[in-house]
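Visitor: with the sequence up front, the predicted model follows.
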There are 4 protein chains.
Amino acid sequence: MSVKFALLGAGRIGKVHAKAVTSNPDAQLVAVTDAMADAANAVAQQYGARVASLDEIAAASDIDAVIICTPTDTHADLIQKYSNAGKAIFCEKPIDLNVERVKACLQTVATNGTALMVGFNRRFDPSFAALKAEIEAGTIGDVEQVVITSRDPGLPPYDYIPVSGGIFRDMTIHDFDMARFLLGEEVETVMATGSCLVDPKVKELGDFDTAAAILTTASGKQAIINNSRRATYGYDQRVEVHGSKGSVSAQNERPVNIEVATSAGYTAPPLHDFFMTRYVAAYAAEIAEFIEVVKNSKAPSPSGADGLAALAIAEAAEASVASGASIKINK
Amino acid sequence: MSVKFALLGAGRIGKVHAKAVTSNPDAQLVAVTDAMADAANAVAQQYGARVASLDEIAAASDIDAVIICTPTDTHADLIQKYSNAGKAIFCEKPIDLNVERVKACLQTVATNGTALMVGFNRRFDPSFAALKAEIEAGTIGDVEQVVITSRDPGLPPYDYIPVSGGIFRDMTIHDFDMARFLLGEEVETVMATGSCLVDPKVKELGDFDTAAAILTTASGKQAIINNSRRATYGYDQRVEVHGSKGSVSAQNERPVNIEVATSAGYTAPPLHDFFMTRYVAAYAAEIAEFIEVVKNSKAPSPSGADGLAALAIAEAAEASVASGASIKINK
Amino acid sequence: MSVKFALLGAGRIGKVHAKAVTSNPDAQLVAVTDAMADAANAVAQQYGARVASLDEIAAASDIDAVIICTPTDTHADLIQKYSNAGKAIFCEKPIDLNVERVKACLQTVATNGTALMVGFNRRFDPSFAALKAEIEAGTIGDVEQVVITSRDPGLPPYDYIPVSGGIFRDMTIHDFDMARFLLGEEVETVMATGSCLVDPKVKELGDFDTAAAILTTASGKQAIINNSRRATYGYDQRVEVHGSKGSVSAQNERPVNIEVATSAGYTAPPLHDFFMTRYVAAYAAEIAEFIEVVKNSKAPSPSGADGLAALAIAEAAEASVASGASIKINK
Amino acid sequence: MSVKFALLGAGRIGKVHAKAVTSNPDAQLVAVTDAMADAANAVAQQYGARVASLDEIAAASDIDAVIICTPTDTHADLIQKYSNAGKAIFCEKPIDLNVERVKACLQTVATNGTALMVGFNRRFDPSFAALKAEIEAGTIGDVEQVVITSRDPGLPPYDYIPVSGGIFRDMTIHDFDMARFLLGEEVETVMATGSCLVDPKVKELGDFDTAAAILTTASGKQAIINNSRRATYGYDQRVEVHGSKGSVSAQNERPVNIEVATSAGYTAPPLHDFFMTRYVAAYAAEIAEFIEVVKNSKAPSPSGADGLAALAIAEAAEASVASGASIKINK
């Protein structure tokens, strides 16, 4: 029996999820909705699904699960709506930019007993997953430090910045989740720094484009993160974990593995241009996991609580930049 | 308008092609056939195609093209049958193990004016294709030497060896095609060596498991190939091209990009286990190219003539091992 | 005319410097001193130098320069003594663990107009020097972030820890100097974290064995450092610099460039065991530079002021761990 | 007691050996000779040795060993002269370009019972030595194929080519020795190809600038070699050995380990410019081994017989190109 899906939001990332659903033998795309009728129609036609309204999807008895990839400010409402309708929910990060709003959502989901999985896609990247597996296999002993390099190829559009929640909630939040995923212990304090070095317009908009953070757990494990909104050589995504017996690192994935050698030296092509090409395998694996969650009543992971925890770290990081002090995470 | 396909052979590689066809928006899988009814049924059901006989497929007016992935000894007959039926043909390599039989096939195809593309999948690997693009862009100047490393993880089944045509026609033929693809000039002479070092049973069966060859063109360009049927660390597939201005190389593709560092040193996981996982992207790109061929009457490449040329080199290589002399290629 | 040297301290690092001096055609080792007569004799005999007392060296008219590699707590006194004697001085880091004492030393040296160069050897490593040259050539545009990985293979002896000045003054100080060397702008604030994860004895001794720091300049450039006293895979020394046009990184130097591939994967040997083998070329280049300083009255770099600046950052880092706040550097 | 040396030939490679001798605590450079008085004087002065004639060196009772780095056509005469004088001999490759002349030399040395070591420096490269150690440790099981990439940055001077003995005796001979070193079994047959692709002048001079060879042993082990006199990216020196349990490879050594990443991709600097910089460590280790040979009456390796064996392969390779046939090695 296959899991029947509705897709909420037929934009760029919605299409990625639609493809993941339809090429999975255990799932079926039944309905699509989008504020832009054309976008919904295109996806619906390609995969033989119907276009439906938000209410129709909530009421439909042939829909088991929804994938939320609408704008961020709609996520919390939609989670509550579909949880109340008894649907399993996969929601792109973040649940909301406001911690209290997220908590309310999680309460609804808990009350209804519906599944909620959050789209921290990087956990499903084959290399990061293999790195995590090495940690769990004990290869590197006890984790001591996690070092995350996460550098975007370019700035988001200016008009997105004011609604993004700031670099820590928008971009670094992926690294905060990765740190939690790998540290194996909750983050207790955060120190962070933010600068505007890429574009002065970012400063005018009240955000940073260059950031660094140190997270510390109760036992003294550390995660050290560097971020920039400018990486001319492509989307730079690396992780190192150092433990008592050794280290494990995930290097950048290359679009092609060629190298040209001339009198100028050895040159390999730039990295992937951004997440859509870099995380193709991760997006497919993420939806496959969610299908497992729905089909086999498996506990969703990353869960809503994971989404909340990463957001709380982002909030603390922002406070740390403002105060120049180390900030304790609110629990 | 999408290209309508029949799949001839629903085994391992047939399934790969079925997936490539069905996930391409410009193509449709209409019919499947296989000597094993269960195999044909499984693929037909998964993709909503019908099971049909070879004759029904030849006669079907709703089928534009066939993909031949039946056993090697059926290829030539099927090519002629479907060429006579006016179908475009994609055929797994080799067309046949006998040069004269291949020539007869090519004659039929030429007479009928039907498209024939041969499955030298490696040309479509993103890294090898990028390497070829660098050569064509002039980055390395005039090609001087091509060095190909091609090492299988293990022996084929014993019962396959006697019908395989021998290592040069079965395995090295891919490298001969790659050499032709990259040299940019026809191979004129071949020197080759073959040994049995992996398994004495291979010798009993009249084949080699370890081989090397040097191909030379009229102007003196060289291709140097090393082969083994045993690579404990996975499927080893590398190419280097050296030219007057520099070199370009394609390294092995890694299933995951992680590295573990301990007191024992730095360890990365083994390579892909074999061609089914290593050449996923190549198989999809190959079928996409064939769809272009059919849709837009593009000249097929690699063509039947490419299949013939690689086979002639394989034949010469075998003769070189037997005689200890450099052998001129028959044209 | 060659520069005539006295070596103060004939221990492990003293021998390295003795070899660098004697194999440089522009220098000569004239005298050696050490609290352990045997150590002084051994070096003196090997290179045809005389054993002399500290006072004899200060008074000797045939000695132009001294290399101080005695225990840390003697550095400041010796610098003042030999500056007053008119000798050029190369001093192993640190000048002193106390900022005021260092300032007094620098005052003496300035008053006497004698040269003082400090042994931040890493600046002279061929790879780090090449990285710096790329920055200066403008290849990566304006520097934005420096990321330093610096991990020792093991703890220092327990009895050294209490006199070491703590991890920030003893170990991280090299990274603070590297950060200053590469940022191209003075560090203004420091945030740091320290933990004891390697050995609880380190905690008892009042030190950390695992540390991280973020340095920030007035314009918002950042340096991010991770440290551990335990790297099972060898001495881990890497630097990345990210700028407006690109990045430049220096990877670890390998003792040998081999790789073994088996069914367990691809394995390369561990890194160098520690600084004595890792920085062979750097030590030679450092002394060659100092010879230039003495011979050609070139300005010493890294200078006493560089030693002071790195120490001030270390002091601030320690204060940041204690207070949990970002600390401004004292100037 | 240290070994006392005379250096015959104070040119480029002579200076390398002089430095290796003088920085080894177990050796002393006593005398230097060269047809150019200035060259001899310069080296003698730098290291405190005397200038002496060939006869004086032969007669000198304070000289244990000679290092021959005079022009190739003098090697055989000098070996016989100094063997007759009872000196241990280190001779740069080749002993002579003529197999019979080499045999006569070896006979003299055998009769006199004097040590003769031949300068196949690559065996002493730390990476190639480590690769050999892995083979001997059994890590890769039984050796099956050796793949050698050996590409010079540029052509030798035109006037050297006619006296060089041709590419196989001059350049590939190093690869033939490496193949013998790693195969662990004598080479029985050779197939080779030679072309002129770099410079037509090389053809006029009767030589090749691009070559490939396949060597085979009695049991079927193979060595596959590719050569060019043009590598724009530097001196390309790589070795792979494939065995029954795995493979071991030695990659190129890099002058510095940096990488620049920009929108053009990832670029590492070119390789070493040639053997003088690439094999610094190998030259020192080679002389250290020879000092062991003289001091401890250790059997010299590579020996005169190794020099002869590599030359016989070179001769066969040349005959193979001429005849287009596989050639058996003369024993």
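Guide: Structure received.

Visitor: chain D contacts on chain A?
Guide: A:231-233, A:261-270 (C-beta under 8 Å from any C-beta of the partner chain). The C-beta positions use only the backbone N, C-alpha and C, and glycine is treated the same way.

Visitor: who's in contact with stretch A:94-104?
Guide: A:72-73, A:75-76, A:79-80, A:105-106, A:118, A:165, A:169, A:173, A:304, A:307-308, A:310-312, A:315, A:330 (C-beta atoms under 8 Å, 6 or more residues apart in numbering or on different chains).

Visitor: try it again at 10 Å.
Guide: Contacts to stretch A:94-104, defined as C-beta atoms under 10 Å, 6 or more residues apart in numbering or on different chains, come from residues A:68, A:72-77, A:79-80, A:89, A:105-106, A:109, A:116, A:118-120, A:163-166, A:169-170, A:173, A:304-312, A:314-315, A:330.

Visitor: got the domain boundaries for chain A?
Guide: Chain A resolves into domains spanning A:3-114, A:123-282+A:309-328 when parsed by automatic domain parsing.

Visitor: tell me the SS of A:Pro270?
Guide: Recorded secondary structure, A:Pro270: coil (DSSP: H, G, I helix; E, B strand; the rest coil).

Visitor: burial measure for it, as a count.
Guide: Residues contacting A:Pro270 under the criterion other C-beta atoms under 10 Å in any protein chain shown number 21.

Visitor: distance of it relative to D:Thr262?
Guide: 8 Å (C-beta to C-beta, to the nearest Å).

Visitor: make JSON lines from the domains of chain A and add mean pLDDT to it.
Guide: What follows is the domains of chain A, written out as JSON lines (pLDDT from 0 to 100):
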{"stretch": "domain A:3-114", "mean pLDDT": "95"}
{"stretch": "domain A:123-282+A:309-328", "mean pLDDT": "97"}
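
Visitor: now for those domains, which one comes closest to B:Lys4?
Guide: domain A:3-114 (17.6 Å; C-beta to C-beta).

Visitor: on that earlier part again, any shared contact partners between A:Pro270 and D:Thr262?
Guide: In contact with both A:Pro270 and D:Thr262: A:232-233, C:246, using C-beta under 10 Å, 6+ apart.

Visitor: in the stretch 51-200 of chain A, what residue lies closest to chain D?
Guide: The stretch 51-200 of chain A approaches chain D most closely through A:Pro153 (9.5 Å), counting by C-beta to the nearest C-beta.

Visitor: looking at it, that residue is touching A:Met276, isn't it?
Guide: No - taking contacts as C-beta atoms under 10 Å, A:Pro153 lies outside contact range of A:Met276: 11.3 Å.

Visitor: between the two, what contacts are shared?
Guide: Joint contacts of A:Pro153 and A:Met276 (C-beta under 10 Å, 6+ apart) are A:Tyr235.

Visitor: look at those two and report which has more neighbours.
Guide: Using other C-beta under 10 Å as the criterion, A:Pro153 and A:Met276 rank with A:Pro153 on top: 21 against 14.

Visitor: just give me the neighbour total for the residue of the stretch 201-331 of chain A at minimum distance from chain C.
Guide: Nearest to chain C, among the residues of the stretch 201-331 of chain A, is A:Gly220, at 3.0 Å (C-beta to the nearest C-beta). The number of residues packed near A:Gly220 is 19, by other C-beta under 10 Å.

Visitor: same question, A:Ala179
Guide: Using other C-beta under 10 Å, A:Ala179 has 26 neighbouring residues.

Visitor: okay, the domains of chain A, which one's buried deepest?
Guide: Most buried of the domains of chain A by mean neighbour count (mean count of other C-beta atoms under 10 Å in any protein chain shown) is domain A:123-282+A:309-328; its value is a mean of 21.

Visitor: quick one: end-to-end distance for it.
Guide: Start to finish, the residues bounding domain A:123-282+A:309-328 are 25 Å apart (C-alpha to C-alpha, to the nearest Å).

Visitor: how far does it sit from its chain's centre?
Guide: The chain centroid and the centroid of domain A:123-282+A:309-328 are separated by 11 Å under C-alpha atoms, centre = their mean, to the nearest Å.

Visitor: near chain B at all, the helix or strand hosting A:Ala31?
Guide: Element membership for A:Ala31, per DSSP states H and E: strand A:27-33. No - on the criterion C-beta under 10 Å from any C-beta of the partner chain, strand A:27-33 is out of touch with chain B, staying 12.9 Å away.

Visitor: the helix or strand that that strand is followed by packs against which elements?
Guide: Downstream of strand A:27-33, the first helix or strand assigned by DSSP H and E is helix A:37-47. If you count contacts as 3 or more C-beta pairs under 10 Å, 6 or more residues apart in numbering or on different chains; DSSP states H and E, helix A:37-47 packs onto strand A:3-8, helix A:12-22, strand A:27-33, strand A:50-51.
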